[in-house]
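[1] Test case, fold it:
(2 chains)
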Number of protein chains: 2
Amino acid sequence: MMFHTITIIGFGLIGSSLARKIKAEGLCEKLICGDVSQEVCDTVSRLNLADESMTDLKASVQHADLVIIAVPVGAYGKIGNIISSGLKAGAIITDVGSVKGPVIQALCPFLPDDVSFVPAHPIAGTEKSGPEAGFSNLFEGHWTILTPLEGEKKSEAVQKISRFWEACGSMVEIMSPKHHDRVLGITSHLPHLIAYTIVGTATDLEEDTQSEIIKYSAGGFRDFTRIAAGDPTMWRDIFLSNKEAILDVLQRFNEDLTELQKAIRKGESEQLFHYFEKTSAIRKGVIKAKQEIPPVIIGDSRHPELVSGSGE
Amino acid sequence: MMFHTITIIGFGLIGSSLARKIKAEGLCEKLICGDVSQEVCDTVSRLNLADESMTDLKASVQHADLVIIAVPVGAYGKIGNIISSGLKAGAIITDVGSVKGPVIQALCPFLPDDVSFVPAHPIAGTEKSGPEAGFSNLFEGHWTILTPLEGEKKSEAVQKISRFWEACGSMVEIMSPKHHDRVLGITSHLPHLIAYTIVGTATDLEEDTQSEIIKYSAGGFRDFTRIAAGDPTMWRDIFLSNKEAILDVLQRFNEDLTELQKAIRKGESEQLFHYFEKTSAIRKGVIKAKQEIPPVIIGDSRHPELVSGSGE
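    Residues are numbered from 1 along each chain as shown, chains lettered A, B, ... in the order given. Okay, here's the model as predicted:
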């Protein structure tokens, strides 16, 4: 039993997957759901995902040894403001946000001195959202990155959260918030921004062309619609929070795209070939890295997209 | 028996998959492989993918009732020049090229009057290439688009090629070459160009960042590396051949990306949300369309990527 009482705030895909895993592994005595939506709380009760569920977030955290914030990153300040005076002395706060620097800035001013905050980001997900989309094996074989506050790298709280994520099936890595935001800006935020853009571009075309795009989407477009199917609120918050890193990598992307565009326009055959060839090295690295980490266990037949998410 | 002798020129992923399917369904008496690479011909013999294989393309077509050209679209003129004087009177020529207008222009000047050309494009594939990557179920449940020459829409040859693709497991659609190139420019060529660009952008970063990109690629980037893993020659030829349609849709994409970039920079929260929300309609259409067409039959356990390719 790692914790007596765990409260998860926000029961979307990640929060509800964590709840399922915590219950399955028996990681606490009591699991509490705090979610501002009564509808979500009702679903949590119906599916028996937590021992108690409530829309009063302050009340939801008052007995918790561990509070896990699993809401869109734009809502952290608001959540911090609501729960701060309800937190138990000695409690550990962690989160699952896809951006780390800005959420630390947003949350820390609200946290009392007698609690510890260990920012975390599990790199796992599907394009689905909501409490019904979660499943207990979501984190299996995936990395969770912890970005401890200044000087906290070896604290007891960080070690405990590290063991917690391992118990959830993750592999754990530690890095600085700033470095996290740069790496994820490239591996996740830019790809999502580009996918949203291309699907948006198609959405603006004439209606008959749209229906044909849908019909022949197997040519590559379909993959983009899947990437661009995430929760709009979550992604808006990520792009606005990680603005600096995203705009930086977007500028590099734009330079490369302009170069390719020019090469196509001018018919520069050799330059195109070399550009396409050089990308194969990274692809080989990705395949190799995948073989080195433990395979994802697909335990839930309702989630065939995970097989797809594995990417090969 | 639909044809006495079929010659496939080019035994890559598509050519070798067709060969496997033709043999499995018994669609001809004799199947001949024409490929300029001796190494490919040796592989074809070793895997028993055709009854005969030869590097002399002119000799390879001389008894064929059906010639299927399955080489990169930039090589059509050269192939036409080599085979034209070897073609049998009454033969049907078809192809599998991803671009239609330009390949018709490139090939037609070489074709004698007593043969029929029925341009075709099966919208199926994986990121693998070469004769060993093919498998007989590749076309199952996928569309093949025929783009008949002016006034040929109802010709006997078009009907025969239509039945041929249905026998290969495809659903068949007919449209003009120009329309095909525009639709595929959006559904396939632009997504591939963007994926190549983003992987290329990552390849230009410092080496330690690259290894982290690989490590945390599950966040979205990995999907792009898969899309950008196709044969460089094939994609170079597609981008150069379908230049006009691609540059047009690329311009629209650039406008949208600039708009999103500006919205991120200025923190325009509502505009971002609406953009991300509007893309969900197309996603729903894609999922619905997928449910309406027959499911892909995965008969070959060596090709788990097909499950992934299905996109959910």
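[2] Does the host helix or strand of residue A:106 reach chain B?
    Element membership for residue A:106 (DSSP states H and E) is helix A:101-107. No. Judged by CB under 8 Å from any CB of the partner chain, helix A:101-107 stays clear of chain B, getting no closer than 12.1 Å. C-beta here means a position set from N, CA and C on the backbone, and glycine is covered the same way.
[3] Next SSE downstream of that helix?
    The element immediately downstream of helix A:101-107 (helix or strand, assigned by DSSP H and E) is strand A:116-118.
[4] just checking, what packs against that following strand?
    Contacts defined by 3 or more CB pairs under 8 Å, 6 or more residues apart in numbering or on different chains; DSSP states H and E place strand A:116-118 against strand A:92-95, helix A:156-167.
[5] Report the distance from that strand to the chain centre.
    Here strand A:116-118 is found 18 Å from its chain centre; the criterion is CA atoms, centre = their mean, to the nearest Å.
[6] again with stretch A:20-37
    From the chain centre to the centre of stretch A:20-37 is a distance of 19 Å (CA atoms, centre = their mean).
[7] For that stretch, measure first residue to last.
    This stretch, stretch A:20-37, spans 19 Å end to end (CA to CA, to the nearest Å).
[8] Please apply the same query to stretch A:21-35.
    Terminal residues of stretch A:21-35 lie 18 Å apart, using CA to CA.
[9] again with stretch A:215-229
    By CA to CA, the extent of stretch A:215-229 from end to end equals 18 Å.
[10] hmm, that stretch touching chain B?
    Yes. Judged by CB under 8 Å from any CB, stretch A:215-229 comes into contact with chain B through A:215-229.
[11] Now that stretch: average pLDDT?
    The average pLDDT within stretch A:215-229 is 87.
[12] And the contacts of it?
    Applying CB atoms under 8 Å, 6 or more residues apart in numbering or on different chains, the contact partners of stretch A:215-229 are A:127, A:191-192, A:195-196, A:198-199, A:202, A:213, A:305, A:308, B:123-124, B:142-143, B:145, B:173, B:183-184, B:186-188, B:191-192, B:195, B:220, B:223, B:226-227, B:276, B:279-280, B:282-283, B:286, B:289-290, B:309, B:311-312.
[13] Mind giving me the PyMOL select for those, buried ones only?
    Buried members of the contacts of stretch A:215-229, defined by 16 or more other CB atoms under 10 Å in any protein chain shown, are picked up in PyMOL with:
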select buried, (chain A and resi 127+191+192+195+196+198+199+202+213+305+308) or (chain B and resi 123+124+142+143+145+173+183+184+186+187+188+191+192+195+220+223+226+227+276+279+280+282+283+286+289+290+309+311+312)
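[14] Spell out which residues of the stretch 1-150 of chain A are next to chain B.
    Proximity of the stretch 1-150 of chain A to chain B is confined to A:123, A:124, A:142, A:143, A:145 under the rule CB under 8 Å from any CB.
[15] returning to that earlier point: how about the helix holding residue A:106: buried residues?
    For helix A:101-107, the neighbour count (16+ other CB under 10 Å) marks A:101, A:102, A:103, A:104, A:106, A:107 as buried.
[16] Quick one: list the elements packing against it.
    helix A:76-83, strand A:92-95, helix A:177-184.
[17] The shortest one - which strands sit beside it in the sheet, and in what orientation?
    Sheet partners assigned to strand A:92-95 using DSSP bridges are listed as strand A:66-69 (parallel), strand A:116-118 (parallel).
[18] for these, which one ends up most surrounded?
    Greatest average neighbour count among the strands paired with strand A:92-95 goes to strand A:66-69 (a mean of 26), per mean count of other CB atoms under 10 Å in any protein chain shown.
[19] Please list the residues outside that one that contact it.
    For strand A:66-69, contacts defined as CB under 8 Å, 6+ apart pick out A:2-3, A:5-10, A:15, A:18, A:28, A:61, A:76, A:79, A:83, A:87, A:91-97, A:107, A:164.
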